[in-house]
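*Asks:* For reference, the sequence and a predicted model appear below.
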Amino acid sequence: MMMGDTMGTFGSSMASLFFFWATFQQIFPDHLKIAIKEFLLFSDRVINFFSPYIVISFPEYEEYRFNHAFAAIDTYLGAKAIGKAQKIRASQVKESKGLVLKRDEAKVRDVYQGVNVWWEIVTATDGDRTHKLTFHRRGLEIVTGSYIKYVMEEGKSIEAKNKKMKLFTNNPSSNWDNSKKSLWRHIDFEHPASFQTLAMDPVKKEEILNDLEAFSNGKEYYKKIGKAWKRGYLLYGPPGTGKSTMIAAMANHLNYNIYDLELTAIQNNSELRKLLTATSSRSIIVIEDIDCSVDLTGKRRKRDGDLSVKKDGEDQNQSRVTLSGLLNFIDGIWSACGQERIIIFTTNHIEKLDPALIRRGRMDMHIELSYCSFEAFKVLAKNYLDVDSHLLFGEIESLLKETKIAPADVAEKLMAKNHKVEVDGSLKDLVESLERRKKHQRGHGDDHKKKFGGKKLKIFRELF
Ligand SMILES: Nc1ncnc2c1ncn2[C@@H]1O[C@H](COP(=O)(O)OP(=O)(O)OP(=O)(O)O)[C@@H](O)[C@H]1O
Ligand SMILES: [Mg+2]
């Protein structure tokens with residue numbers, strides 16, 4: 001058939017259709033039109049009843065409230081098979097790190113445990129959007145039993161990964177009003193620390209990383225053993241050995257927010273409780289220098305074997321957050337409010353802490369950050385000077401064995417002067433500084449032991 005013939009036939013068919021529609025509008029009265037419409041709707045239901053396909057809808061808004069399931073599906077579908085998509089939409093959201101890439105296609109096919117499903121986004125005339133999920137009746141059990149849950153969890157975890165991390169600090173209670181928001185103030189957390197650049201014994205580092213991984217993937221495990229999904233770490237060691245740096249590296253590794261809890265700004269245990277219940281899931285709660293924050297040691301009294309709370313009026317000048325309040329927070333109410341939290345205490349003086357505070361089970365892992373070893377030095381040399389070996393490495397190794405120097409002090413020697421990396425000069429500087437320290441430490445043999453606990457510290461290490 002010729003092209004012209006085809007066009008002719010098409011044109012006459014369209015003309016007949018318009019004619020039919022005009023006649024229909026004129027002849028049929030309104031009530032008949034409604035009856036026909038209803039019949040069509042009914043037949044639609046009949047077809048649906050016999051159709052082997054099921055459709056589930058997830059509207060964007062339900063009863064004027066945003067439906068979080070819609071957002072999770074959106075993120076899941078957006079991230080899914082981005083490589084295969086032909087159209088990609090990039091956007092930058094305020095709360096998000098960098099650009100967020102999404103598939104910009106209305107229909108997406110997905111396969112889950114052998115079941116084919118189709119997602120389609122439908123926009124109503126009022127602009128409201130709905131995700132429609134279509135699948136064969138055969139897959140009903142898998143889709144409703146686990147697929148939808150899987151999509152939600154994946155979506156939420158992608159959302160969490162894309163989210164910018166935050167560093168929260170508690171406001172003094174005099175600034176609190178009735179909103180939860182007034183308890184903590186926050187800034188974006190953009191610390192560059194990572195485990196890769198953390199200078200410490202590689203075996204210990206690996207152990208900590210494995211522990212963190214096991215924790216963050218441990219949802220089912222914690223549920224099974226009936227324990228709250230939380231973990232406590234005690235970081236101890238002299239100043240400048242990387243305790244705060246490690247907290248930043250942990251937050252970056254897990255993509256958790258940090259709540260830096262300043263105990264001295266808290267009046268009493270009930271304020272402490274309020275603050276903690278206002279923290280979100282997937283976060284690290286930090287109390288730095290716990291020995292200095294509040295006098296938690298020695299002052300507690302045993303009453304019927306219980307850790308008693310200080311009487312009102314006692315220690316008026318000090319913060320009235322007590323040891324028992326803090327212990328309650330770690331294992332009592334704490335367990336009931338929220339999931340996936342890490343609590344970290346840091347101290348320079350582990351021997352000053354009350355054993356009740358740091359016993360196993362409360363603080364699951366005790367991590368000592370110590371003076372710079374040769375292994376740790378090599379990490380710093382790589383970070384700061386980008387060298388794996390050097391003639392002076394041998395000398396530095398033997399000097400480090402005999403000298404106590406914090407990684408922070410080594411880092412300072414290796415840091416580029418005026419942004420110019422000078423390998424030989426920096427290493428020579430370090431050698432000289434180590435030699436000076438060696439002499440000085442020989443002269444004051446026991447000073448450092450006295451400063452950092454000496455015997456007590458050793459006994460403590462043997463205990464754990
Ligand atoms: N183990 C380390 N690995 C890499 N850098 C380190 C390490 N320790 C210290 N530094 C460097 O020294 C600086 C100070 O370290 P950091 O604040 O982590 O010490 P700290 O143990 O928290 O000290 P303090 O007990 O005084 O709080 C950091 O900014 C970091 O650059
Ligand atoms: Mg610190």
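*Replies:* Good, I have the coordinates. Ligands and ions are numbered 1, 2, ... in the order given.

*Asks:* what's near enough to touch residue 373?
*Replies:* Residue 373 is in contact with 200, 201, 400, counting by C-beta atoms under 8 Å, 6 or more residues apart in numbering. In short, each C-beta sits where N, CA and C put it, glycine included.

*Asks:* Residue 166 too?
*Replies:* 186, 187, 188, 189, 257, 258.

*Asks:* The stretch 251-400 of the chain: strands as residue ranges?
*Replies:* 257-260, 283-287, 302-303, 306-307, 341-347, 365-368 (DSSP state E, counting those that start in this stretch).

*Asks:* related to what we said a few turns ago, show only the entries of the contacts of residue 373 found in helices.
*Replies:* Members of the contacts of residue 373 lying in helices (criterion: DSSP state H): residue 400.

*Asks:* Looking at the contacts of residue 373, state which has the most neighbours.
*Replies:* residue 200 (24 neighbours; other C-beta atoms under 10 Å).

*Asks:* who touches that one in this structure?
*Replies:* 242, 369, 373, 375, 376, 379, 407.

*Asks:* Buried only: go through the residues you listed for me.
*Replies:* Neighbour-count burial (16 or more other C-beta atoms under 10 Å) applied to the contacts of residue 200 gives 242, 369, 373, 375, 376, 379, 407.

*Asks:* Distance check, the last one against residue 241.
*Replies:* Summarising the geometry, the distance separating residue 407 from residue 241, computed by C-beta to C-beta, to the nearest Å, is 6 Å.

*Asks:* Give the burial count for the nearest residue to residue 115 once chain neighbours are set aside, as a bare number.
*Replies:* Distance criterion C-beta to C-beta, 6 or more residues apart in numbering; nearest residue to residue 115, sequence neighbours excluded, is residue 139 at 3.4 Å. Around residue 139 there are 19 other residues, counting by other C-beta under 10 Å.

*Asks:* How about the contacts made by residue 139?
*Replies:* Taking C-beta under 8 Å, 6+ apart as the test, what residue 139 contacts is 115, 116, 117, 147.

*Asks:* where does the closest residue to the third one other than its chain neighbours land in three-state SS?
*Replies:* I take that to be residue 117. Nearest residue to residue 117, sequence neighbours excluded (C-beta to C-beta, 6+ apart): residue 135, at 4.3 Å. Applying DSSP: H, G, I helix; E, B strand; the rest coil to residue 135 yields a three-state assignment of strand.

*Asks:* For residue 135, give me its contacts.
*Replies:* Counting by C-beta under 8 Å, 6+ apart, residue 135 touches 53, 54, 115, 116, 117, 118, 143.

*Asks:* State the distance from the third one to residue 77.
*Replies:* In other words, residue 115. On the measure of C-beta to C-beta, residue 115 and residue 77 end up 16 Å apart.

*Asks:* Then the second one?
*Replies:* Counting by C-beta to C-beta, the separation of residue 54 from residue 77 is 19 Å.

*Asks:* ok, back up a step: need the contacts of residue 135 in JSON lines with secondary structure, pLDDT and neighbour count, can you?
*Replies:* Putting the contacts of residue 135 into JSON lines (DSSP: H, G, I helix; E, B strand; the rest coil; pLDDT from 0 to 100; neighbours: other C-beta atoms under 10 Å) gives the following:
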{"residue": "53", "secondary structure": "strand", "pLDDT": "90", "neighbour count": "11"}
{"residue": "54", "secondary structure": "strand", "pLDDT": "90", "neighbour count": "17"}
{"residue": "115", "secondary structure": "strand", "pLDDT": "93", "neighbour count": "16"}
{"residue": "116", "secondary structure": "strand", "pLDDT": "92", "neighbour count": "13"}
{"residue": "117", "secondary structure": "strand", "pLDDT": "93", "neighbour count": "21"}
{"residue": "118", "secondary structure": "strand", "pLDDT": "92", "neighbour count": "14"}
{"residue": "143", "secondary structure": "helix", "pLDDT": "94", "neighbour count": "22"}
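
*Asks:* which one of the buried ones among the contacts of residue 200 is nearest ligand 2?
*Replies:* Nearest to ligand 2 among the buried ones among the contacts of residue 200 is residue 242, at 8.4 Å by C-beta to the ion.

*Asks:* Get me the contact residues on this structure for ligand 1.
*Replies:* Residues of the chain found near ligand 1 (C-beta under 6 Å from any ligand atom) are 198-200, 239-245, 348, 369, 407-408, 411.

*Asks:* Report the buried members of these.
*Replies:* 198-200, 240-245, 348, 369, 407-408, 411.

*Asks:* I'd like the distance between the residue in the stretch 101-250 of the chain positioned nearest to ligand 2 and residue 253.
*Replies:* In the stretch 101-250 of the chain, the residue found nearest to ligand 2 is residue 244; the distance is 3.2 Å by C-beta to the ion. Using C-beta to C-beta, residue 244 is found at 15 Å from residue 253.

*Asks:* Residue 112 now?
*Replies:* 29 Å.

*Asks:* Check which element follows the helix or strand residue 206 falls within along the chain.
*Replies:* Applying DSSP states H and E as the criterion places residue 206 in helix 202-216. Following helix 202-216 in sequence order, the next helix or strand is helix 219-225 (DSSP H and E).
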